[in-house]
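A.B. asks: just coords:
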C-alpha cells in the first residue's frame, strides 16, 4: 500500500495552531489550550505539503464562515423587506404569508442552507446542480 504524503492528524493540528500567540516554550491552540509534548513533536516534523494543506483548509473554513454569515444576512434582509413597511407596533403572525412566491422559495433555500448540518456537504450538493 502506498504511503500517504500527508498525515491527516498533523494537518488537523496545524489548523488548530494559534500562530499569533508567541511563546518560546509552548505552542497553543486557537482555543487557548497548549499542545501536548507529543503534539509538539508532530508539529515540528510537519512537511511543507502538510503546512500548505493546513493553510488551504483554514482558508476554506474561513470562506465557509463568511458564506454562512452572508446567508444569515440574506435571510434577515428578506424578512426585513416585509416587516419594515408595516406600521410601528404591528407584526404579522406569519411573515411568510406576506412574501411573493419567489421570495418564499428563496427564503426556504436560505433556511435549508443555514440548517445544513455539514456545510461542506451542502456546498458540494448544490455545486452539482
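C.D. replies: Nice, thanks for sending it over. These numbers were taken from a predicted model, which means no experiment stands behind them.
A.B. asks: give me every residue that touches residue 39.
C.D. replies: Residues counted as contacts of residue 39 (C-beta atoms under 8 Å, 6 or more residues apart in numbering) are 13, 27. C-beta here means a position set from N, CA and C on the backbone, and glycine is covered the same way.
A.B. asks: go on, the one 3 residues further on?
C.D. replies: With contact taken as C-beta under 8 Å, 6+ apart, residue 42 is in contact with 7, 9-10, 13.
A.B. asks: Got a ChimeraX select line for the buried ones in those?
C.D. replies: Command for ChimeraX that selects the buried part of the contacts of residue 42, burial taken from 16 or more other C-beta atoms under 10 Å:
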select :7,10,13
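A.B. asks: just checking, which of the contacts of residue 42 belong to helices?
C.D. replies: Of the contacts of residue 42, the ones assigned to helices by DSSP state H are 9-10, 13.
A.B. asks: low-scoring stretches of the protein, by residue?
C.D. replies: Across the chain, the ranges flagged by pLDDT under 70 are 1-4, 117-129.
A.B. asks: Mind naming the longest helix for it?
C.D. replies: Per DSSP H, the chain has its longest helix at helix 48-83.
A.B. asks: Could you check it and say which residues are buried?
C.D. replies: Quick answer for helix 48-83 (16+ other C-beta under 10 Å): 50, 53-54, 58, 71, 75, 78-79, 82.
A.B. asks: before we move on, what about stretch 21-40?
C.D. replies: Neighbour-count burial for stretch 21-40 flags 27-28, 35, 39 (criterion: 16+ other C-beta under 10 Å).
A.B. asks: swap in stretch 102-110?
C.D. replies: 107, 110.
A.B. asks: For residue 99, see how far away residue 61 is.
C.D. replies: Computed as C-beta to C-beta, to the nearest Å, the residue 61 to residue 99 distance reads 33 Å.
A.B. asks: nope, residue 72 is what I meant
C.D. replies: Distance from residue 72 to residue 99, by C-beta to C-beta: 18 Å.
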